[in-house]
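Chemist: build the 3D model from these lines:
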Amino acid sequence: MNNVSLYLKAHVMRSSVAAVDLAKRNPSLRNIHFAEKILRIKSTNAQLKLEKNSNGHYLEMKN
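Modeler: Alright, predicted model coming up:
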């Protein structure tokens with residue numbers, strides 16, 4: 001996939017895979033920060049889904 005299609009897929013579709021590929025192929029600060037931002041958001045969403053119990057309530061995280 002070329003850089004233009006990776007850019008469009010990453011920015012329009014919010015694809016974390018495309019964002020990381022773009023940052024690998026063209027490692028500018030902007031591309032790296034964008035990939036990190038998308039990965040952080042996806043990680044947060046996944047963590048919230050794991051913490052949600054069957055009643056629809058969020059469990060408290062214990063440190």
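Chemist: got a list of what the closest residue in space to S16 that isn't next to it in sequence touches?
Modeler: In this structure, S16 finds its nearest non-sequential neighbour in I38, 4.7 Å apart by Cβ to Cβ, 6 or more residues apart in numbering. Using the backbone N, CA and C atoms, a C-beta is placed for each residue, glycine as well. Residues near I38 by Cβ atoms under 8 Å, 6 or more residues apart in numbering: 10, 14-16, 19.
Chemist: what count of nearby residues applies to F34?
Modeler: F34 sits with 19 neighbouring residues when counted by other Cβ atoms under 10 Å.
Chemist: so it sits right up against A10, yeah?
Modeler: Yes - F34 is within contact range of A10, at 6.9 Å (criterion: Cβ atoms under 8 Å).
Chemist: between those two, which contacts overlap?
Modeler: With Cβ under 8 Å, 6+ apart, F34 and A10 have common neighbours 19, 22.
Chemist: what are the buried residues along the longest helix seen in the chain?
Modeler: Secondary structure of the chain read by DSSP state H shows that its longest helix is helix 29-51. In terms of neighbour count (16 or more other Cβ atoms under 10 Å), helix 29-51 has its buried residues at 31-32, 34-35, 38.
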